[in-house]
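**Q** I would like the atomic coordinates for the input below:
(one chain, ligands or ions: 1)
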Amino acid sequence: MKPLSFTHRYEPALTPDQPPVLLLHGTGGDENDLIPLGKMVAPGAALLSPRGKVLENGMPRFFRRLAEGVFDEADVKARANELADFIAEARDAYGLGAPIALGFSNGANIAAAMLMLRPETLAGAVLLRAMVPLSETPQVDLSVKRVLMLSGAMDPIIPAENASRLAASLMAAGAEVKHTILPAGHGLSQQDLSLTQNWFLNR
Ligand code: MLT
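**A** Have a look, this model is predicted:
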């Protein structure tokens, strides 16, 4: 098989009839980071876990930023398209259906950008500590896509208003969004795990 366009890990499904899960790590993570989380919240599902191609002081990310919370939007668009192309390649190579994204922080932000720019790529998404990736939301139809957004009330990186604006724009595009604000910071808490697990169970 010809190598795919992103360094990645792939874990085949153990049980059929579940959509694959696309794992998208945060800044400084890699393709190994979220595998345990994926196995915990969606046991038996196929897992596809690419490594972000942008390096910030040696730390992998999925797109360039100019400062914390200030994104290079041209790069966000180019990288969201590049990642969507990889997902199409991987679906072909591994014989997969459209995945549900499970992204943390920078990984959640690129998932939100893909929903807006290449909606056919994802069947749905869990966005853990996501913020608005593009200042202008493109016209897009997200009806029938289910999205779980979990934000932290004490998140020092993402203002509550910003996370709510993202939830509102996904809803306005027709997605079925459940947005919960947890008593947490930017890091994940036990509640993130149990809510994400329940969301996958009740899918
Ligand atoms: C981002 O750059 O995507 C967000 O600021 C979150 C982060 O990666 O720290």
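**Q** Show residues contacting the lengthiest helix in the chain.
**A** As assigned by DSSP state H, the longest helix anywhere in the chain is helix 73-94. Helix 73-94 has contacts (Cβ atoms under 8 Å, 6 or more residues apart in numbering) with 1, 4-6, 8, 10, 12, 22, 46, 48, 50, 53-54, 62-64, 96-99, 109-110, 113-114, 116-118, 121, 133-135. In this view, the C-beta of every residue, glycine as well, is placed from N, C-alpha and C.
**Q** got the buried residues for it?
**A** 73, 75-77, 79-80, 82-84, 86-87, 90-91 (16 or more other Cβ atoms under 10 Å).
**Q** hmm, back to that, now, which of the contacts of helix 73-94 lie close to the ligand?
**A** The subset of these within reach of the ligand, counting by Cβ under 6 Å from any ligand atom, consists of residue 109.
**Q** Tell me which of the contacts of helix 73-94 fall in helices.
**A** Checking these against DSSP H, those in helices are 109-110, 113-114, 116-117.
**Q** out of the residues you listed, who has the most neighbours?
**A** residue 109 (31 neighbours; other Cβ atoms under 10 Å).
**Q** Could you pull up the contacting residues of the residue nearest to residue 145 when sequence neighbours are not counted?
**A** Nearest non-adjacent residue to residue 145, counting by Cβ to Cβ, 6 or more residues apart in numbering: residue 175, 4.7 Å away. Neighbour list for residue 175: 115, 142-143, 145-147 [criterion: Cβ under 8 Å, 6+ apart].
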